[in-house]
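*Asks:* got a predicted structure plus its sequence, pasted below:
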Amino acid sequence: MRLRRSLPVLLSGIAIVFMAVVVPGMTGCRGFFTPACKTNCGGGSYSSYAYVANATIGTVEGFPVPTATFTSLTGTSTSLGATPTALAATPKGTFLYVATVTSVFVYTIETNGTLTIGNSGSPVTTGLFLSWMTVDPSGNWLFVASKSIDVLLEYQIDTTSGLLTQVLPTTGIPLSTGGPTQVYVTPDNQYVYIGLGPGGTDGFSFNSSTGAVNQIGKIHLAPRNGASDNTLAADANSAYLFVGEAGTGIRSLAIGAGGSLKEVTGSPFLTPSQLGPKSIVVDPTNTYVYVAYSTSNDIVGYTLGTGGGLTELSSSPFTSGTTPTAMSLDSTGKYLFVVNSGGSPDLQIFSFDVTTAGKLDSVTSVATGTAPTGAVALSVVP
């Protein structure tokens, strides 16, 4: 796809602090990855494409994921000429957004998983120092959290080109004080929750037709003895929000009318030896919750009870690499991907055991470049 127009968006109040930078390694590029395969790549040979951002070496690695059982993966990488900070893809796997410290670039995901840079290699938005990006389930809206100020930034996605138009106000939607760590949109596409580190969690109702967001009162949890809300996820029914809280454990919160949150009985759930929750994934059956703990270097699996309670699996924990940072399921729901910012290994793939319910089995591990890579972000698309 060839993109014909440029739409840089400068953020009022942020652009005066951060200069817009066009990354040399990206500018003017028409081919991002060398094709990972040459025939029938998008027609059933592969179920998903996994992309890993490597902060230390400034690259993005792409891996085609076979539909059938596999024991290894081969990826292809490119140098970005800058430090990537986050990735976000549209749900149908049409576009991938790659963020650097000050800019966001868009790529078209071709049918064989290769990436073609859009907007003639120029950023689709600039002036950011972002900590997280996510696309809503409709694929029409991109949410961005900036490290520089406590605001939520929202952009409408042009579904033909992938270009962005910022939703007013251009200064962003104010958040409670704390420092944004993650933005999460519930599977039913009705609510947006933002982890604020020591500031707790903010919540907004969301209209995916218009893009309108409205704060849900003051639902954020006050800081608790140095705790930090670092990661968020919900079950497939959008009945419960799980908040990974460093210094506390996992809080399970029932999502009520209007997006209000009420902590369930027994919450927070804490396994004393597991520290630093960094990423949460709910399995495809809506039965198990998996939490990557970046300090204790492992993944803990929990059974999700009918009242939102969590019970650790007897087969848990599962060993990860050093500092697991992000997790994602592939499109078939058969594989769980984990990136470890400290390496050893950079990327791990697990499957779900067919005999022991909820148990994770190691499938393979992959280096995402020459160590140390500093894998900081993961996006797995159909």
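*Replies:* In hand now; what should we look at?

*Asks:* which intervals of the stretch 1-150 of the chain have sub-threshold pLDDT?
*Replies:* Applying pLDDT under 70 to the stretch 1-150 of the chain flags the ranges 1-45.

*Asks:* residue ranges of the strands in it, please?
*Replies:* 46-54, 59-66, 76-79, 84-89, 95-100, 103-109, 115-117, 125-126, 130-135, 141-146 (DSSP state E, counting those that start in this stretch).

*Asks:* what comes up buried for stretch 333-352?
*Replies:* Neighbour counts using 16 or more other Cβ atoms under 10 Å place 334-343, 345-352 of stretch 333-352 among the buried residues. The way it works is simple: take the backbone N, C-alpha and C, and place the C-beta from them, glycine included.

*Asks:* oh, that last question was meant for stretch 99-112, not what I typed.
*Replies:* Those would be 99-110, 112, for stretch 99-112 by 16+ other Cβ under 10 Å.

*Asks:* and that stretch, end to end?
*Replies:* The first and final residues of stretch 99-112 sit 22 Å from each other (Cα to Cα, to the nearest Å).

*Asks:* try stretch 154-170
*Replies:* End-to-end distance of stretch 154-170 (Cα to Cα): 9 Å.

*Asks:* nearest to Asp330 among the buried residues of stretch 99-112?
*Replies:* Ile109 (14.6 Å; Cβ to Cβ).

*Asks:* residues in contact with that closest one?
*Replies:* Contacts for Ile109 (Cβ atoms under 8 Å, 6 or more residues apart in numbering) come out as 49, 89, 93-96, 115, 381.

*Asks:* that one pairs with what?
*Replies:* Leu115 (DSSP bridges).

*Asks:* distance check, Gly374 against Gly308.
*Replies:* 35 Å (Cβ to Cβ, to the nearest Å).

*Asks:* so for those two, which sits in the more crowded spot?
*Replies:* Using other Cβ atoms under 10 Å, the more surrounded residue of Gly374 and Gly308 is Gly374, with 24 against 21.

*Asks:* in space, what's closest to Thr100 - neighbours in sequence excluded?
*Replies:* The shortest distance from Thr100 to any non-neighbouring residue, by Cβ to Cβ, 6 or more residues apart in numbering, is to Ala82 (4.1 Å).

*Asks:* test my guess that that neighbour contacts Gly58.
*Replies:* Yes - here Ala82 lies in contact with Gly58, judged by Cβ atoms under 8 Å, at a distance of 6.0 Å.

*Asks:* out of the contacts of Ile109, who's the most crowded?
*Replies:* These, ranked by neighbours (other Cβ under 10 Å): first place Tyr49, 29 neighbours.

*Asks:* tell me who's in contact with that one.
*Replies:* So Tyr49 contacts 62-65, 93, 109, 113, 380-381 (Cβ under 8 Å, 6+ apart).

*Asks:* residues near Tyr97, how many?
*Replies:* Counted with other Cβ under 10 Å, Tyr97 comes out at 26.

*Asks:* nearest spatial neighbour of it, skipping sequence neighbours?
*Replies:* For Tyr97, ignoring the flanking residues on the chain, the nearest one in space by Cβ to Cβ, 6+ apart is Ala88 at 4.7 Å.

*Asks:* separation between that neighbour and Leu253?
*Replies:* 24 Å.

*Asks:* how close does Leu378 sit to Ala326?
*Replies:* Leu378 is 4 Å from Ala326, by Cβ to Cβ.

*Asks:* these two: which has the busier surroundings?
*Replies:* Ala326 (25 against 20).

*Asks:* checking the more buried one next. Helix, strand or coil?
*Replies:* The three-state label given to Ala326 by DSSP: H, G, I helix; E, B strand; the rest coil is strand.

*Asks:* what is the nearest of the contacts of Tyr49 to Asp298?
*Replies:* Using Cβ to Cβ, the contacts of Tyr49 come closest to Asp298 at Val380, 20.8 Å.

*Asks:* give the pairing partners of the helix or strand harbouring the closest one; include direction for each.
*Replies:* Val380 is part of strand 375-381, with elements assigned from DSSP states H and E. Strand 375-381 has these partner strands in its sheet, going by DSSP bridges: strand 46-54 (antiparallel).
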